[in-house]
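Peer 1: Coordinates for the following, if possible.
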Amino acid sequence: MNEPIAPDDPVEPEATGTPASTSAPQDAGAKSDTQAAGNAERGSSTYATGGGGVSFAHRVATVYLASILTGGRRAEASELPVRKVSFQTSPAHPVDDLLVECGDGATEVTLAVACRATPNFVQSNDETVKLVGSLLAEVARFDTDSHQVAIATAGWSTQWEQLATVCDIARAHAGPESFQASMDVEGRWSKPVHERLGQFLKMIEKAVEDETSDEEVRQLAWRLLGRLHILGLAVQSPDGGDRTAVATSLDGVASASVDGTVVRDRIEVEATRYDATGAVVDLNLLRRDLHVVIDAAKTRSRHAWTVVTEHRKLAVAGVRTAIGDGSSGGPVEIALTDRRQQLTAALREAGTRGSALLISGESGTGKSALTLLRFPRLPGDFQTRFYHANRGRKSSWLPLRSTRMSCGNGPCGCIGSPIPSR
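Peer 2: Presented below is the predicted three-dimensional model:
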């Protein structure tokens, strides 16, 4: 992700000069102690060297990846659920840390997220001016209201809250003229909010680096501010409240053997790998990579999988595993012990190798019953769905799955390709 930003000093108004410093006399012992301290080895900030910033960015990504699993809606994306997260999206996107795609089938919103733990929104901070320049380039390249931009910060500061207020005001106005008129109304907005807008205008003027008129700067500012979201995410010390909230939300999809904190920690590890590979992550990919710690059934489409479950019940109910009934000593079950063991081994091999398995035989010889009895014997990382197909009605086969494998059609883990209904 983009280079981390070192922690900034508290933001103060730009000064025109620095008063001469004065100091009181020191005795010899104090002077000696000061010199000793000056000679001591000094460490580097984790943000300056990359560690802190990288950790923060991956934890921000975890917030969105968790929302994919839980179906959580994001306020900064018109309260739509997260569908996909892309990492390292340059050169297509000037804001290249994360591209979050949200939607509900009817409405789609994309959000380009820049992860900066401690940005300093003053014109003298070159790194943040550069960030503003990338934001301007993003909204210019994708000039539509369905494409939003965001800056994720480590919690909140007064400065970031002021800028977020300016963004909210800009979003409430249809054009730069009415926005500026609202800001000019005496007493409507606080002096710090006015000053924050003034600093932001200066940053834009510096970022564009050409002969830009004041009117053009205000136009650029309104267009950016109206689509900019400041996300104060408490995902690291001293405030990890949002990180804990992520773990709580994941309790609902965690497997029986773990809880949401384990799932969250695993997602953070995967986020590091996703970032390194420039991954594009959706629900199917997350299910595959997290199958050990999640209950996959809880992350599926409720309606679709209700239909699948009903089909399974009908299929199982239509298959007999014994001959006869209880009228003359009870039903007789054919053991077929050797065939059961062979079929279990064949199913396991097919699921592991990513190949197909065909079970053939005369009608009524017990193929379906034998296969159904073998499914519970498969390892825990196998997912099985059974459909009974015959020539007399519309039906389809849903293939055996091993979550350890992937096929050529994508990271779905299926063995071969489903046979479409016809």
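
Peer 1: any idea how far residue 96 lies from residue 84?
Peer 2: 16 Å (CB to CB, to the nearest Å). No exception for glycine: its C-beta is placed from N, CA and C like everyone else's.

Peer 1: Looking at these two, which one has more neighbours?
Peer 2: Shown here are residue 96 and residue 84; by other CB atoms under 10 Å, residue 96 has more neighbours (21 against 17).

Peer 1: what's the nearest residue to the more buried one if we skip its chain neighbours?
Peer 2: Of all residues not flanking residue 96 in the chain, residue 90 sits nearest, at 3.7 Å (CB to CB, 6 or more residues apart in numbering).

Peer 1: Assumed that neighbour was part of a helix.
Peer 2: No. Counting by DSSP: H, G, I helix; E, B strand; the rest coil, residue 90 falls outside a helix, being coil.

Peer 1: Tell me how many other residues crowd the nearest residue to residue 262 once chain neighbours are set aside.
Peer 2: Closest residue to residue 262 apart from its sequence neighbours, by CB to CB, 6+ apart: residue 293 at 5.6 Å. Applying other CB under 10 Å, we find 20 residues neighbouring residue 293.

Peer 1: for residue 293, what are its contacts?
Peer 2: The contact partners of residue 293, taken as CB atoms under 8 Å, 6 or more residues apart in numbering, are 254-255, 258, 262-263, 266.

Peer 1: Now, those residues that are in helices?
Peer 2: Counted as lying in helices by DSSP state H, out of the contacts of residue 293, are 262-263, 266.

Peer 1: would JSON lines of the residues you listed with distance to residue 183, pLDDT and neighbour count be doable?
Peer 2: Listed next are those as JSON lines, based on distance: CB to CB, whole Å; pLDDT from 0 to 100; neighbours: other CB atoms under 10 Å:
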{"residue": "262", "distance to residue 183": "48", "pLDDT": "96", "neighbour count": "17"}
{"residue": "263", "distance to residue 183": "45", "pLDDT": "97", "neighbour count": "27"}
{"residue": "266", "distance to residue 183": "46", "pLDDT": "96", "neighbour count": "18"}
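
Peer 1: Out of these, the closest to residue 185 would be?
Peer 2: residue 263 (49.0 Å; CB to CB).

Peer 1: Now that the closest one has come up, it's in contact with residue 248, right?
Peer 2: No. Using CB atoms under 8 Å as the test, residue 263 is too far from residue 248 to be in contact (10.9 Å).

Peer 1: Using PDB, write out every CA atom in stretch 186-195.
Peer 2: Listed next in PDB are the C-alpha coordinates belonging to stretch 186-195 (Å, rounded to 0.1, in the frame of the first residue of the first chain):
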ATOM      1  CA  GLU A 186     -21.900  34.700   9.500                       C
ATOM      2  CA  GLY A 187     -22.300  32.600  12.600                       C
ATOM      3  CA  ARG A 188     -23.500  29.400  10.800                       C
ATOM      4  CA  TRP A 189     -20.300  27.500  11.100                       C
ATOM      5  CA  SER A 190     -17.600  27.700  13.700                       C
ATOM      6  CA  LYS A 191     -14.300  29.600  13.100                       C
ATOM      7  CA  PRO A 192     -12.200  26.400  13.200                       C
ATOM      8  CA  VAL A 193     -14.400  24.800  10.400                       C
ATOM      9  CA  HIS A 194     -13.900  28.000   8.300                       C
ATOM     10  CA  GLU A 195     -10.100  27.800   8.900                       C
END
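
Peer 1: What is the neighbour count of residue 353?
Peer 2: Residue 353 is flanked by 11 other residues according to other CB under 10 Å.

Peer 1: Kindly report the same for residue 342.
Peer 2: 12.

Peer 1: for the helix or strand hosting it, what is the average pLDDT?
Peer 2: In the assignment (DSSP states H and E), residue 342 maps to helix 337-353. On average, the pLDDT along helix 337-353 is 76.

Peer 1: Ok, stretch 140-147 next?
Peer 2: For stretch 140-147, the mean confidence score works out to 96.

Peer 1: And it, what's buried?
Peer 2: 142, 147 (16 or more other CB atoms under 10 Å).

Peer 1: And that stretch, end to end?
Peer 2: 11 Å (CA to CA, to the nearest Å).

Peer 1: now swap in stretch 143-163 and tell me
Peer 2: 22 Å.

Peer 1: and if you look at stretch 359-367?
Peer 2: Note: stretch 359-367 ends 7 Å apart using CA to CA.

Peer 1: buried set for it?
Peer 2: residue 366.

Peer 1: Likewise for stretch 106-114?
Peer 2: Within stretch 106-114, the residues that qualify as buried are 109-114, counting by 16+ other CB under 10 Å.

Peer 1: From residue 168, how far off is the nearest residue to residue 171 once chain neighbours are set aside?
Peer 2: Closest residue to residue 171 apart from its sequence neighbours, by CB to CB, 6+ apart: residue 226 at 5.0 Å. The gap separating residue 226 from residue 168 is 10 Å, by CB to CB.

Peer 1: what's the overlap in contacts for those two?
Peer 2: With CB under 8 Å, 6+ apart applied, the contact sets of residue 226 and residue 168 do not overlap.

Peer 1: Name the residue in the two with the higher neighbour count.
Peer 2: Ranked by neighbour count (other CB under 10 Å), residue 226 and residue 168 place residue 226 first, with 21 against 13.

Peer 1: who's in contact with that one?
Peer 2: 167, 170-171, 173 are the contacts of residue 226 under CB under 8 Å, 6+ apart.

Peer 1: Which parts of the protein are strands?
Peer 2: Secondary structure of the chain by DSSP state E: the strands cover 73-74, 80-87, 98-103, 108-115, 147-154, 228-233, 280-282, 382-383, 401-402.

Peer 1: quick one: which of those strands is nearest residue 239?
Peer 2: Nearest of the strands of the chain (CB to CB): strand 147-154, 8.4 Å.
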